[in-house]
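J.: could you work out the structure for the sequence below:
(chains A and B)
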Amino acid sequence: MQIFQYLGQAFWYLLFIAFIGYFSTSPAYTFMEPDQSLIKLAFNHSGKLKLACREFTAEEQAAKPKHMRIKFDCPRERSPVYVIMKIDGKLIFEKTIRPSGFAKDLSSPLYERISLKTGQYHLYLGMRDHVDTEGLDYEFDGSVTLAASQILVIGFDSEYNEFTFQ
Amino acid sequence: MRLKKAGLCLFQALERLIGHTFAGFSNPFYSLGALAFYLFYIIVGSGIYLFIFYEPSIKGSFDSVDYLTHDQWYFGGIMRSLHRYASDALVLVMVLHILREFVLDRYRGARWFTWVTGFPALVLIFISGLVGYWLVWDTLGQYIAVRSTEWLDWLPIFSEPSARNFLTNSSVSDLFFRLILIGHIAISIFLFVALMVHVKNISKAIISPPRNLAVGTFLCLLILSLVLPAVSQERADLSQVPGIINIDWFYMFAYPLMDRWSMGGVWALVAVITLLLLFLPWLPPQRNRPVAKVLLEKCSGCNLCVMDCPYEAIILQPRTDGHPSYVREAVVVADNCVGCGICTGACPFSRPPRGEELLTTGIDIPSRDIQHLYRVSALALEALNSNAASSTKVLVYGCDHGAALGNLDIQDIAVVSLPCTAALPVSFIGYMLRHGADGIFLTGCRKGDCYYRLGNIWIEQRLSLDYQSRPHLPRWISRERVGYCWAGPGDERHLTTAIDRFQKGLHVASAVVNSESE
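T.: Alright, predicted model coming up:
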């Protein structure tokens, strides 16, 4: 009788092994098909200051305590950053990113994923980082080739004011 | 409600099926909590070994794990596999533990604390497991790192997206691996603390499974580690999309949902599960929960109720009534009391009327007090005694959570049900035998699965001849006249057979006594 008990235990233990062993790695998950690639549009760009500095008027200066009197009023709030992306003439992405921070005085971060089939595309990118600008401040218009499973990271170099591709 | 009932039926059927091969405490369903602790020990033990060889750097992380897996497969590889599979088994055991406590309604009332404090442990297990996969830094680690941070970024809590840390291979630094290694270890320490808090209100918490189950589980994990060693996937490369991945479904079941749904959808799912788990004990709340009451004039501060209480609901404190002989008194912590009555069964003052002395106890459950127990026992005895000719009159004491006593179709028995059978003071057994019962039969939840955790352990100890330090059945009472059988819901046939066998034994014993007297 005890032999049946041991056999029964062996059965349950085998079931346990099979369950853990299988679901530990299987079934395989297809995150992205092999003929797909990914564009990551990601940067952290600070928009231009929204308002220029202005000189305080004499009345304004007089209204302030003596130790707080400064010559210029320079608001720290930055302009939102507007970004547009077209692929083969089709609008893929368009967004206005508000500056972060309570005083809206920090950079405007962007992180977007665009999944595409492998191949060559005509890419148009545009960005505006000042509220007073009509049209766009920075643009890229050219072609990109995406290899199978490639991740193309598009950033923005604020020093040279140009889009970067990695 | 219907779902809960269906779940209960499923669990009961499974437990009965497994119970044929794993008897009593060895039934894995009765040791899920203890198994979780045990798996945690294996994870920590194997993790310490892996830590010795692990190199927290971009290149070293993958290489060091690969070295353990292939060059040191005979030990390092096994350790890695044990670490991995024990973690997976932990999730399985934990989920079963949660579901089982839910369907058995063991999470409401005073048990809310244990239920709710299990939630942080659950979260920490998942975080620790996922962070552990990052450490390997293969395509799976890359996938988890990127998708997890993208998921976190959905919440407006970061000033800039944390997923930007995984944009290119140069974005990741050695420091990152040191940080997540420290995080992985720190989370495990927090997890241990969370588990300790989880069992805080449980006295004599069982944090290691029965030996045969522990050995069996370890052997299973070892066999799995040898047959199917845990291996890394390809080295992480942030310039490439990890296309087809062998994900660990125990930890990453929600990740595919991030791709199918939106990140917000997965957050909503997590929020719903979180709220449900945290507020389940009050959906609906357990009302009219009886709480034990100390009757100070009969309490000697002997500590027996404190020792037997399964939920740390009784403490001793200095005497408040200036009793000349006793220095301490029992005090009930109402928030922890589940109203099982085990304390009444443990109290040496709990005894039926003796001569002029009235029925007494030192601690009682107001809604089902010792007076009530005496009344129903006396009525049952009266019913039994109406058949004076029979020599197999058996008074059966059972509990509200075991086999359905009302369904027993046996002659010459009378049944009394208690919240927990261990609430029966042993003095009642002698009393009922003296007043006409030929035998006393005790039953209750399946062994190892007492609704109030320790009930059947205490009963077996109290009936044992060797047991001296607690209230125990006096030696002069023949153990042939006292029987017990543990039977859960659905085990009525098994219980009927056991009572029938007990009655036959009584019949034979009485025949022997009669022939000797002749």
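J.: could you say which helix or strand holds the closest residue to residue B:296 other than its chain neighbours?
T.: Spatial nearest neighbour of residue B:296, chain neighbours left out: residue B:321 (5.5 Å); criterion: Cβ to Cβ, 6 or more residues apart in numbering or on different chains. For glycine as for every other residue, the C-beta is placed from the backbone atoms N, C-alpha and C. For residue B:321, there is no host helix or strand (DSSP states H and E).
J.: count the neighbours of the closest residue to residue B:212 other than its chain neighbours for me.
T.: In this structure, residue B:212 finds its nearest non-sequential neighbour in residue B:26, 5.6 Å apart by Cβ to Cβ, 6+ apart. Look at residue B:26: counted by other Cβ atoms under 10 Å in any protein chain shown, it has 20 neighbours.
J.: so residue B:26 sits right up against residue B:210, yeah?
T.: Yes: in terms of Cβ atoms under 8 Å, residue B:26 counts as a neighbour of residue B:210; the distance is 5.2 Å.
J.: let me see the contact set for residue B:224.
T.: Residues in contact with residue B:224 (Cβ atoms under 8 Å, 6 or more residues apart in numbering or on different chains) are A:17, A:20, A:21, B:81, B:85.
J.: let's see that with 6 Å instead.
T.: A:17, A:21, B:85 (Cβ atoms under 6 Å, 6 or more residues apart in numbering or on different chains).
J.: just put these in TSV and tack on neighbour count.
T.: What follows is the contacts of residue B:224, written out as TSV (neighbours: other Cβ atoms under 10 Å in any protein chain shown):
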residue	neighbour count
A:17	19
A:21	18
B:85	28
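J.: stretch A:5-25: how far from the chain's middle?
T.: The chain centroid and the centroid of stretch A:5-25 are separated by 45 Å under Cα atoms, centre = their mean, to the nearest Å.
J.: now do residue B:24 against residue B:396, distance only.
T.: The gap separating residue B:24 from residue B:396 is 21 Å, by Cβ to Cβ, to the nearest Å.
J.: so what's the residue nearest to residue B:212 up against?
T.: B:210, B:212, B:213.
J.: chain A: which of those residues is nearest?
T.: Checking the contacts of residue B:26 against chain A with Cβ to the nearest Cβ, the nearest one is residue B:212 at 8.5 Å.
J.: what about the residue nearest to residue B:296, distance to residue B:344?
T.: From residue B:321 to residue B:344 the distance is 20 Å (Cβ to Cβ).
J.: residue B:20 now?
T.: From residue B:20 to residue B:344 the distance is 35 Å (Cβ to Cβ).
J.: more crowded one of the two?
T.: Using other Cβ under 10 Å, the more surrounded residue of residue B:20 and residue B:344 is residue B:344, with 27 against 12.
J.: can you pull the pLDDT of the more buried one?
T.: On pLDDT, residue B:344 comes in at 94.
J.: doesn't it fall inside a strand?
T.: No: Residue B:344 is assigned helix when assessed by DSSP: H, G, I helix; E, B strand; the rest coil, not a strand.
J.: pretty sure it sits against residue B:423.
T.: Yes: at 5.2 Å, residue B:344 and residue B:423 qualify as touching, with contact defined as Cβ atoms under 6 Å.
J.: can I get stretch B:198-216 in PDB? Just the C-alpha atoms.
T.: Taking Å, rounded to 0.1, in the frame of the first residue of the first chain, the C-alpha atoms of stretch B:198-216 are listed here in PDB:
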ATOM      1  CA  HIS B 198       3.000  38.900   8.400                       C
ATOM      2  CA  VAL B 199       3.200  36.100  11.000                       C
ATOM      3  CA  LYS B 200       3.300  38.500  14.000                       C
ATOM      4  CA  ASN B 201      -0.200  37.800  15.100                       C
ATOM      5  CA  ILE B 202       0.200  34.000  14.700                       C
ATOM      6  CA  SER B 203       1.500  32.100  17.700                       C
ATOM      7  CA  LYS B 204       3.700  29.100  17.000                       C
ATOM      8  CA  ALA B 205       3.800  30.100  13.300                       C
ATOM      9  CA  ILE B 206       5.000  27.200  11.200                       C
ATOM     10  CA  ILE B 207       7.800  28.600   9.100                       C
ATOM     11  CA  SER B 208       9.300  25.400   7.900                       C
ATOM     12  CA  PRO B 209       7.300  22.600   6.200                       C
ATOM     13  CA  PRO B 210       7.300  18.900   7.400                       C
ATOM     14  CA  ARG B 211      10.600  17.200   6.700                       C
ATOM     15  CA  ASN B 212       9.300  14.900   4.000                       C
ATOM     16  CA  LEU B 213       7.700  17.800   2.200                       C
ATOM     17  CA  ALA B 214      10.900  19.900   2.500                       C
ATOM     18  CA  VAL B 215      13.100  17.100   1.200                       C
ATOM     19  CA  GLY B 216      10.600  16.400  -1.600                       C
END
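J.: what residues sit buried inside that stretch?
T.: By neighbour count with 16 or more other Cβ atoms under 10 Å in any protein chain shown, stretch B:198-216 contains the buried residues B:198-199, B:201-203, B:205-207, B:209-210, B:213-214, B:216.
J.: just how off-centre is it within its chain?
T.: Centroid displacement of stretch B:198-216 relative to its chain, using Cα atoms, centre = their mean, is 8 Å.
J.: what's the closest non-adjacent residue to residue 166?
T.: No chain was given, so I picked chain A. Spatial nearest neighbour of residue A:166, chain neighbours left out: residue A:153 (4.4 Å); criterion: Cβ to Cβ, 6+ apart.
J.: that's the wrong chain, I wanted chain B
T.: Of all residues not flanking residue B:166 in the chain, residue B:146 sits nearest, at 4.9 Å (Cβ to Cβ, 6+ apart).
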